[in-house]
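Asks: What would the 3D arrangement of this be:
(2 chains)
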Amino acid sequence: MIPDQAHIAHIQTFHTVVAVVLPLLAAVINNFIPNKLKITGWISTIAILLSAAFAISVFAAVWNTTAVHTQQLWFTIGATKVYAGVWLNNLSVMMLALVPVIALPVHIYSMAYMKEDERFNRYFTYLSFFCFSMLALVVVDSTILLYAFWELVGFSSYLLIGFWFTRDKAVQANKKAFIMNRIGDVGLLSAVIILFAQYGTFDLVRLFGDNGLVSKSVIENGVWIAPAGQLPAVWQYVAFAGIFLGMAAKSAQFPLHTWLPDAMEGPTSVSALIHAATMVAAGVFLLGRAYPLFTPEELSVFAVIGCFTAFMAASIALTQNDLKRILAYSTISQLGFMVLAMGVGAYASSLFHLATHAFFKCLLFLVAGIVIHEMQHIKHENHLDIDPQNILYMGGLRKKLPLTFISAVIGSLALIGLLFTSGYLSKDGILIQAFEWAEGKAWYFQLVPAGALLTSLLTAFYVSRLIVKVFFGKFRLLNINPDIKLHISDGGWNYKMPLVLLALCSLFPLFSLHPWLYEHAWLYQGFLPANHLERMNVYHTLIPVGVNIFCVIVMYLAYAMYVKRNYVARQNGWLFRLSYNQWYIDAIYNKLFVKGALALSNLLYWFDRTVIDGIVNLLRSITGTLSSLAEWADRYVVNGIIYLITVLVRRTGNLVRLFQGGKLQYYMYSMLAVVLLVFIFKLLIS
Amino acid sequence: MIGLNEFLLLSAALFCIGLYIVVAKRNAIQILIGVELMLNAAILNLVAFGKYDKINNGGQVFALFAIVLAAAVTAVALAIILNVYRQYKTIDPSKINKLGD
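Replies: Numbers count the residues shown, from 1 in each chain, chains lettered A, B, ... in the order given. The predicted structure follows:
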């Protein structure tokens, strides 16, 4: 008996929900486990393992078949029915599988990495919650739910970045990340509202699906016409700007990227997760979901911003000395590539790069975690006062950490995009399509592919610098203190297994059986539109070859500079300073926004203190005066009258009592007196 | 010749003496005597004015009525004084300051 379509959809939906809810379940359970028990790591890991298994089964079933869309009524407001459900198409199942597959090695690694931390359980609670948010974000089918999980991803990253909240820098970093993400959230929320206003639905499938409402609407003569209604075209631009802001905040694109390098204050395993498959991927994922909304001009904006971000981040990474900070800027740079790819219409390449980048960036962060861990070990053992993340103190670690070294090299080659790695397949695709896109356009559009090309060379340089400084040459701490003994190693299976797993996934066979033709990658083909360009022009051969050759030259250059001659960059050139100070963007933001906000709040504080409080105090003193007046009046006027009355009554009473002495003859006297008085009175008036 | 004025003056004198006795004496019997004096002063007035009504002698008749009434009133008053004495063992009106049974 062959199960029918509805039945399959039902099963896939169920599996998806299980995959999403398992990490949440783990988070809830972990929350109630006392801190002495260290089983939370296992609970979270098993949850993410099962989640990965379910996700892969869903992936296998749905990939390149008809999309599954299941929903049920959530609530009704007036005539608007709001549905909640899951939408599984190629994009979401790819993300659904990617997130737990990346998270699994991170979980295993974390069990060893966070072993000594006294808040081990809370770490895994947060980690599972983070995975849950991201998994839910990629499968939901409604803009409301998308927004909700978008916020949750931001919130859980806030928790994780500030995990070591006793460090002031970590607190600053998570605050910064949160604020930056809030800016993006506001953008996304306004986009959601505008889309609802225009199309009257929150349903992602009806909005962005094949033949959805968005693809049927056009902009003509300044009016945004949809099948069901129309709005001025400016709202379409606002919606675009909102989505752009949301994407820029989550995926760390140019105006809002500064939170990401600071987010390195979190545990390294968290950085691996945030920067690989989860948080930063959300922005690119959002672009993938909302792709039909954008007009060609808006896509150009993405291309330009992506290119600029990629170049800027790569140029900053050239001079940084903090191991994790270099990797953070490289993440920003690679995300710039993805956004650029979205902008030039290389939708498939963008998502393909998202997937490959997830593997090798996670790998590199795990490597960095091991190196930092060992440096910390050396620092404690020898009572040194050094920054364990500074690559200037490292060097020659390849002999001590062989597996880490090999993994790092594989990850770096993939990041550079050399042949036989996954990065080659995805990144060169982007470059080629960027050139194709710019062909026949104005000269300034040529800057985009040129910038991307330059960025890949810069990438080759800074990655080589990183590897050379950390793993080649001599261990530089020995120059300071020759007595240091190195008792370091790759670590246990918790460290080795994730490295091996991710290193294998960073090579080409996972994605394509053909090592140098990216068009053959199955993941790439899964996202291609029906009318994609065939391999038809010279770029497809020239660019990969050229980039590879140049990259190798640049890598050799770096090796020669840093190992053979022990080159030290001139530190006073303005280019160096620009790069070293991260283009002064933090300083500018600090001057412009932080100082501005502080000045504004000081002004408001002053206003509050003097004007508002002044008015309140004035009112208080007026009331005080009035009440003392009233008190005086009460005491002397009201009480006086009452007192007077009592005195009068008492006097009268006393007077009258005189006549009522109970003595007979007094009554006679009084009668006599009254009669006399009457007579006298009568005499007087007559 | 004794005219109306002398009668009225005598009557007024009698009344004043009676009044004085009523307010000043500490004996209920004496007060009663004072009351009688005042009554008689009034009767004297009646008789004196009766001189101007020789046909009907209304003044004299009315005086006779008044004397009879005074006798009755005195009898009643004496009975009251007797009862008061039984009750309070005194007939000094200033000491009789309680109502009671």
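Asks: tell me which parts of chain B are close to chain A?
Replies: With CB under 8 Å from any CB of the partner chain as the criterion, chain B meets chain A at residues B:Leu19, B:Val22, B:Val23, B:Ala24, B:Ile31, B:Pro93, B:Ser94, B:Ile96, B:Asn97. The C-beta positions use only the backbone N, C-alpha and C, and glycine is treated the same way.
Asks: In helices only, show me those residues.
Replies: B:Leu19, B:Val22, B:Val23, B:Ala24, B:Ile31 (DSSP state H).
Asks: Could you dump those into a markdown table and include neighbour count and pLDDT?
Replies: As requested, these are exported to a markdown table (neighbours: other CB atoms under 10 Å in any protein chain shown; pLDDT from 0 to 100):
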| residue | neighbour count | pLDDT |
| --- | --- | --- |
| B:Leu19 | 17 | 89 |
| B:Val22 | 22 | 88 |
| B:Val23 | 17 | 85 |
| B:Ala24 | 12 | 85 |
| B:Ile31 | 23 | 90 |
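Asks: Nearest to A:Ser315 among those residues?
Replies: Taking CB to CB as the measure, B:Val23 is the one of those closest to A:Ser315, at 130.1 Å.
Asks: Would you mind confirming that the closest one is in contact with A:Ser670?
Replies: No - counting by CB atoms under 8 Å, B:Val23 does not reach A:Ser670; the two are 10.4 Å apart.
Asks: Determine the longest helix present in chain B.
Replies: helix B:58-88.
Asks: can I get the CA coordinates of whatever helix or strand A:Val500 lives in in PDB?
Replies: Using DSSP states H and E, A:Val500 sits in helix A:493-505. The C-alpha trace of helix A:493-505 is given here as PDB (Å, rounded to 0.1, in the frame of the first residue of the first chain):
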ATOM      1  CA  TRP A 493      37.400  12.600  22.300                       C
ATOM      2  CA  ASN A 494      34.900  15.400  23.100                       C
ATOM      3  CA  TYR A 495      37.400  17.700  21.300                       C
ATOM      4  CA  LYS A 496      38.700  15.400  18.600                       C
ATOM      5  CA  MET A 497      35.400  14.000  17.400                       C
ATOM      6  CA  PRO A 498      33.700  17.300  16.500                       C
ATOM      7  CA  LEU A 499      36.900  18.400  14.800                       C
ATOM      8  CA  VAL A 500      37.200  15.400  12.600                       C
ATOM      9  CA  LEU A 501      33.500  15.400  11.800                       C
ATOM     10  CA  LEU A 502      33.500  19.100  10.800                       C
ATOM     11  CA  ALA A 503      36.800  18.800   9.000                       C
ATOM     12  CA  LEU A 504      35.400  16.100   6.800                       C
ATOM     13  CA  CYS A 505      32.300  18.100   6.200                       C
END
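Asks: Give me the contacts around that helix.
Replies: Residues outside helix A:493-505 that contact it (CB atoms under 8 Å, 6 or more residues apart in numbering or on different chains) are A:105-106, A:108-109, A:111-113, A:359-360, A:362-363, A:366-367, A:370, A:403-404, A:406-407, A:410-411, A:422, A:490, A:510.
Asks: can you rerun that using 6 Å?
Replies: A:105, A:108-109, A:111-112, A:359, A:362-363, A:366, A:370, A:403, A:407, A:410, A:490 (CB atoms under 6 Å, 6 or more residues apart in numbering or on different chains).
Asks: which one of those residues sits closest to chain B?
Replies: A:Met111 (107.6 Å; CB to the nearest CB).
Asks: number of nearby residues for the closest residue to that closest one other than its chain neighbours?
Replies: Of all residues not flanking A:Met111 in the chain, A:Gly41 sits nearest, at 4.0 Å (CB to CB, 6 or more residues apart in numbering or on different chains). A:Gly41 has 22 neighbours, counted by other CB atoms under 10 Å in any protein chain shown.
Asks: related to what we said a few turns ago, which elements pack onto the longest helix of chain B?
Replies: helix B:28-50 (3 or more CB pairs under 6 Å, 6 or more residues apart in numbering or on different chains; DSSP states H and E).
Asks: chain center to the helix it packs on, what's the gap?
Replies: Distance of helix B:28-50 from the chain centroid (CA atoms, centre = their mean, to the nearest Å) equals 4 Å.
Asks: And for stretch A:11-29?
Replies: 22 Å.
Asks: Take that stretch, keep the C-alpha atoms, and write them as CSV.
Replies: Only the C-alpha atoms of stretch A:11-29 are listed here, as CSV (Å, rounded to 0.1, in the frame of the first residue of the first chain):
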residue,chain,number,x,y,z
ILE,A,11,4.4,12.4,9.0
GLN,A,12,6.9,15.0,7.9
THR,A,13,5.2,17.6,9.9
PHE,A,14,5.2,15.4,12.9
HIS,A,15,8.9,14.7,12.6
THR,A,16,9.6,18.4,12.1
VAL,A,17,7.7,19.3,15.3
VAL,A,18,9.5,16.6,17.2
ALA,A,19,12.9,17.8,15.9
VAL,A,20,12.0,21.4,16.9
VAL,A,21,10.6,20.6,20.3
LEU,A,22,13.3,18.1,21.6
PRO,A,23,15.8,20.9,22.4
LEU,A,24,13.1,22.8,24.2
LEU,A,25,12.3,19.8,26.2
ALA,A,26,15.9,19.3,27.0
ALA,A,27,16.1,23.0,28.1
VAL,A,28,13.1,22.6,30.3
ILE,A,29,14.4,19.4,31.9
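Asks: can you list contacts of that stretch?
Replies: A:43-44, A:47-48, A:50-51, A:54-55, A:57-58, A:61-62, A:68, A:70, A:86, A:125, A:128-129, A:131-132, A:135-136, A:139.
Asks: Please name the nearest non-neighbouring residue to A:Ala112.
Replies: Closest to A:Ala112 by CB to CB, 6+ apart is A:Asn494, at 3.4 Å.
Asks: before we move on, what about A:Ala317?
Replies: A:Ala317 sits nearest to A:Tyr329 (CB to CB, 6+ apart), 3.8 Å away.
Asks: what about the one you found, helix or strand, and which?
Replies: helix A:323-343.
Asks: for A:Asp490, same thing?
Replies: Using DSSP H and E, no helix or strand contains A:Asp490.
Asks: Could you check how far the spatially most central residue of chain B is from B:Val76?
Replies: Residue closest to the average C-alpha location in chain B (CA atoms, centre = their mean): B:Glu36, at 2.2 Å. Relative to B:Val76, B:Glu36 is positioned 13 Å away (CB to CB, to the nearest Å).
Asks: Tell me who's in contact with A:Met667.
Replies: Just to correct that, residue A:667 is Tyr rather than Met. Listed by CB under 6 Å, 6+ apart, A:Tyr667 has no contact partners.
Asks: next one: A:Val171
Replies: If you count contacts by CB under 6 Å, 6+ apart, then A:Val171 has A:Gly162, A:Phe165 around it.
Asks: Mind checking which of the contacts of helix A:493-505 are in helices?
Replies: A:105, A:108-109, A:111-112, A:359, A:362-363, A:366, A:370, A:403, A:407, A:410.
Asks: can those go into CSV with extra columns for distance to A:Ser426?
Replies: Compiled in CSV, these are given as follows (distance: CB to CB, whole Å):
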residue, distance to A:Ser426
A:Pro105, 20
A:Ile108, 25
A:Tyr109, 24
A:Met111, 30
A:Ala112, 30
A:Phe359, 10
A:Cys362, 15
A:Leu363, 15
A:Leu366, 20
A:Ile370, 26
A:Leu403, 25
A:Ser407, 19
A:Ile410, 15
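Asks: Just flag the most distant two among these.
Replies: Across these, the two lying at the largest distance from each other (CB to CB) are A:Met111 and A:Ile410, at 23.1 Å.
Asks: Neighbour count: those two, which is higher?
Replies: Ranked by neighbour count (other CB under 10 Å), A:Met111 and A:Ile410 place A:Ile410 first, with 25 against 21.
Asks: Against chain B, how distant is the nearest residue to the more buried one once chain neighbours are set aside?
Replies: Leaving out its chain neighbours, the residue that sits closest to A:Ile410 by CB to CB, 6+ apart is A:Ala503, at 4.6 Å. In this view, A:Ala503 and chain B are 124 Å apart by CB to the nearest CB, to the nearest Å.
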